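Asks: generate coordinates for the sequence data below:
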Amino acid sequence: APGRTPRVPVSYGRQRRRESSSLSAAEHLERLARFVPGVAGYLDRERARETDKRVRVRLAEELTAVKGALERDKRALIDARDLTPLTALDGLASKLDRLGNTVEYAARGYRPVFDDVKLTRDRLDRLYTFDLGLFDEVTALAARAGAVHAALGDRGHLAEAVAAIDEALDRFGATFASRQ
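Replies: The predicted structure follows:
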């Protein structure tokens, strides 16, 4: 419907994860390299720590970009003297800030990569699928931020869009926290 807020299905990240689970390790690494240029992968233990850090830094940059979009929306609301929605957007920006810091400065993850445990092809595939799923979730977050922007003139749709991105941020945080 015209003026309707674009919606990203809640299952977006899960669907992308299922699609990527059918890829080979080389295909996973190739797709991951599109998000994080120069990433070496996890197979070489010497470079695995660097890969882990690069992935986390890139995810944090993407979260910062989503926060930047919300900050621009906040400025637009201030310019229009529409201050009511600012509290909700401030809360989202704060949550994005905390998540970005959590992601960027998290302890190195993926214990099997850094331990003396042999990294099996299956474990490597799961690792790449997990990383790619995080990038898919960040892409969905950016789409939800776009929905917030599109709903700025409509309080009802804005409340829905804010609730949707807030829920997606919680899911992203829980997903990231589950990495080992």
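Asks: next SSE after the helix or strand that Val148 is a member of?
Replies: For Val148, the host element (DSSP states H and E) is helix 121-150. With elements assigned by DSSP H and E, the helix or strand that comes after helix 121-150 is helix 155-177.
Asks: and the angle from that following helix to helix 121-150?
Replies: Taking axes from the mean of the first three to the mean of the last three CA atoms, to 10 degrees, one finds that helix 155-177 is oriented at 160 degrees with respect to helix 121-150.
Asks: so Ala163 versus Leu92, what's the distance?
Replies: 10 Å (CB to CB, to the nearest Å). For glycine as for every other residue, the C-beta is placed from the backbone atoms N, C-alpha and C.
Asks: more neighbours, these two?
Replies: Leu92 (23 against 12; other CB atoms under 10 Å).
Asks: mind listing what the residue nearest the centre of the chain touches?
Replies: The C-alpha lying nearest the average C-alpha coordinate of the chain belongs to Val138 (CA atoms, centre = their mean; 2.4 Å). Contact analysis of Val138 by CB atoms under 8 Å, 6 or more residues apart in numbering lists 59, 62-63, 66, 172.
Asks: ok, now with 10 Å
Replies: Contacts for Val138 (CB atoms under 10 Å, 6 or more residues apart in numbering) come out as 13, 35, 58-63, 65-66, 99, 103, 168, 172.
Asks: can I get those in TSV with secondary structure?
Replies: Output for these, formatted as TSV (DSSP: H, G, I helix; E, B strand; the rest coil):
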residue	secondary structure
Gly13	helix
Phe35	helix
Arg58	helix
Leu59	helix
Ala60	helix
Glu61	helix
Glu62	helix
Leu63	helix
Ala65	helix
Val66	helix
Leu99	helix
Val103	helix
Ala168	helix
Phe172	helix
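Asks: need the buried ones from these selected in ChimeraX.
Replies: To isolate the buried members of these in ChimeraX, using 16 or more other CB atoms under 10 Å:
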select :13,35,58,59,60,62,63,66,99,103,168,172
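Asks: Tyr128 touches Asp122, doesn't it?
Replies: No: using CB atoms under 10 Å, Tyr128 is not in contact with Asp122, being 11.1 Å away.
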